[in-house]
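> Kindly return the folded structure for what I paste below:
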Amino acid sequence: MSEENVRTEEFSVNGEDLLGKIKEIIHEGNIRRIIIKKKDGGTVMEIPMTLGVVGALIAPQLAAIGAIAALVTEATVVVEKAEE
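Below you'll find the predicted structure:
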């Protein structure tokens, strides 16, 4: 069994750019989890990304992110990436 290293990246985005940033991150691939946090640091949503979660399966999460974007003025997106 190979041991998997996880790298974390954080991005600060305003509410109107949140959905676009999430889509961009998903298209990059090799993502384990996406966490959306409010300005005060509280977690709003966590999206585990498993192999094969694409297309229509991610659509409900994207709709929820769109609703979150309408409610927050500033958010932090935390991305966990798997490194081999």
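
> pretty sure Lys12 is touching Thr73, no?
Let me fix one detail, which is that residue 12 is Ser and not Lys. No. Taking contacts as C-beta atoms under 8 Å, Ser12 lies outside contact range of Thr73: 11.5 Å. Using the backbone N, CA and C atoms, a C-beta is placed for each residue, glycine as well.

> Report the spatially closest residue to the residue nearest the centre of the chain, excluding sequence-adjacent ones.
Nearest residue to the geometric centre of the chain (C-alpha atoms, centre = their mean): Ile34, 3.0 Å. Leaving aside its chain neighbours, Ile34 sits nearest to Ile47 (4.5 Å; criterion: C-beta to C-beta, 6 or more residues apart in numbering).

> and Glu74, how many residues sit next to it?
13 (other C-beta atoms under 10 Å).

> hang on, it packs against Ser12?
Yes. Shown here, Glu74 and Ser12 form a contact pair, counting by C-beta under 8 Å, at 6.8 Å.

> quick revisit: identify all residues paired with the residue nearest to the centre of the chain through a beta bridge.
Ile47, Val79 (DSSP bridges).
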